[in-house]
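Engineer: Build me a structure from this.
(one chain, ligands or ions: 1)
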Amino acid sequence: MKTFFNVQDIGDLKKALEEAKQVKENRFAWKKLGENKTIMLVFFNNSLRTRLSSQKAAQNLGMNTIVLNIGQESWKLETELGVVMDGDKSEHLREAIPVMASYCDIIGVRSFAGLTDREFDYAETILNQFIKYSGKPVISLESATVHPCQAFADLITIEEYKKTARPKVVLTWAPHPKSLPQAVPNSFAEWMNAADVDFVITHPHGYELDPKFAGNARIEYDQMKALEGADFVYAKNWSCPGVTNPEDYGKILSKDMGWTVDAAHMAVTNNAYFMHCLPVRRNMIVSDDVIDAPTSLVIPEAANREISAQVVMKRILEDLE
Ligand code: CP
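Structural biologist: Numbering: from 1, shown residues only. Now for the predicted structure:
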């Protein structure tokens, strides 16, 4: 594996899930694989789970880890080519990436969407510069349009908790006070479309995900109707993807608190499990009683971030040998 970005990068999902199970059963079995190898984790944005789970996964595999917070511990980096660098950015990615790559064997990058320029974000301009100029395997730790480590952990969690062979999984938009990227719902949709589940997406009008990720998923604008009989409810906020109206890209089109997942929403499901990638705004995205219920999977889901990261790093290390 040279990059981890799309669901296709992991190959056969059944094999990947089997491998995740093996890793979870004995996460230290491949301790020799990463000996004398170094992974660099580059963060342009904040993180709790991704930062910790990636470091833990790398340590399980015997790797050294270097974590760099861009702009806080490093120089501020310019990301656009062809600009006159007379502002506060002291160094360009064009030099910084090959320098960082010279100190490591694998690079993980977190760089959120700016949400002002759809073309720049959806071209994955920053991640692609890492792929182009590092010459090293690159893992998206949530880039402008995708969060594959999260989606893989979500799929592992669904596999562990499902009670039927082909569960109904509903991705529901929920309100949030800030404008958020589409990376998590994009990847979740992409991975659910590839998995053996009955997948439905529900959101207010204007929040349609890019067809590249939504694929052939069923879209239901009536949230209650979408949730009927669901086995898993995956809540997430995202800003306008700008599919129907590019001028609205990154905007908040709705703060309708009627979309907050509460007991009334869960009551129409098939005693569904509740999922969210975290961090979550309580009583905006989900009511306290739903997230605190025994059917909430938010903690095991976060714990599985270590497993998804480890499978990805293990495969990359095996290919480096
Ligand atoms: N879910 C997730 O990626 O969490 P962090 O932003 O804390 O890494």
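Engineer: can you list the weak-confidence ranges in the stretch 151-300 of the chain?
Structural biologist: By pLDDT under 70, the stretch 151-300 of the chain contains no weakly predicted segment.
Engineer: so what's the backbone phi/psi at whichever residue of it sits closest to the ligand?
Structural biologist: Nearest residue of the stretch 151-300 of the chain to the ligand: residue 277, at 3.9 Å (Cβ to the nearest ligand atom). (Each C-beta comes from the backbone N, C-alpha and C, glycine too.) Main-chain torsions, residue 277, degrees, to the nearest 10: phi -70, psi -20.
Engineer: Count the neighbours of it for me.
Structural biologist: If you count neighbours by other Cβ atoms under 10 Å, residue 277 ends up with 25.
Engineer: Just want the phi and psi numbers for the spatially most central residue of the chain.
Structural biologist: In the chain, the residue lying closest to the centroid (Cα atoms, centre = their mean) is residue 147, at 2.2 Å. Main-chain torsions, residue 147, degrees, to the nearest 10: phi -140, psi 70.
Engineer: can you start the count at 220 instead of 1 from here on
Structural biologist: All right, first residue 220 from here; so that's residue 366.
Engineer: ok, it - contacts?
Structural biologist: Listed by Cβ atoms under 8 Å, 6 or more residues apart in numbering, the contact partners of residue 366 are 359, 402-403, 405-406, 496.
Engineer: Next, format those as TSV and append secondary structure.
Structural biologist: Shown next, in TSV, are these (DSSP: H, G, I helix; E, B strand; the rest coil):
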residue	secondary structure
359	strand
402	helix
403	helix
405	helix
406	helix
496	coil
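Engineer: filter those to the buried ones?
Structural biologist: 359, 402-403, 405-406, 496 (16 or more other Cβ atoms under 10 Å).
Engineer: Of those, which pair is most distant in space?
Structural biologist: Spanning the widest gap among these are 359 and 496, at 14.2 Å by Cβ to Cβ.
Engineer: How about the residues of this structure by the ligand?
Structural biologist: Contact residues, the chain versus the ligand (Cβ under 6 Å from any ligand atom): 266-269, 361, 369, 496-498.
Engineer: what do you get if the cut-off is 5 Å, keeping everything else the same?
Structural biologist: Within the chain, the positions adjacent to the ligand are 266-269, 496 by Cβ under 5 Å from any ligand atom.
Engineer: Looking at the contacts of residue 366, which one is closest to residue 352?
Structural biologist: Using Cβ to Cβ, residue 359 is the member of these that lies nearest residue 352, at 15.8 Å.
Engineer: Show me what that closest one bridges to in the sheet.
Structural biologist: residue 328 (DSSP bridges).
Engineer: Identify the residues contacting it.
Structural biologist: 222-224, 327-328, 346, 365-368.
Engineer: gap between it and residue 312?
Structural biologist: Separation of residue 359 from residue 312 (Cβ to Cβ, to the nearest Å): 16 Å.
Engineer: swap in residue 323?
Structural biologist: In this view, residue 323 and residue 312 are 16 Å apart by Cβ to Cβ.
Engineer: Same check on residue 437?
Structural biologist: 40 Å.
Engineer: Shouldn't residue 527 be within a helix?
Structural biologist: Yes - applying three-state DSSP, one finds residue 527 inside a helix.
Engineer: so what pLDDT did it get?
Structural biologist: pLDDT for residue 527: 98.
Engineer: Can you give me the neighbour number for it?
Structural biologist: Neighbours of residue 527 (other Cβ under 10 Å): 27.
Engineer: Contacts only, for it.
Structural biologist: Residue 527 neighbours (Cβ under 8 Å, 6+ apart): 239, 368-369, 371-372, 375.
Engineer: now do residue 442
Structural biologist: 391, 421, 477-478, 484.
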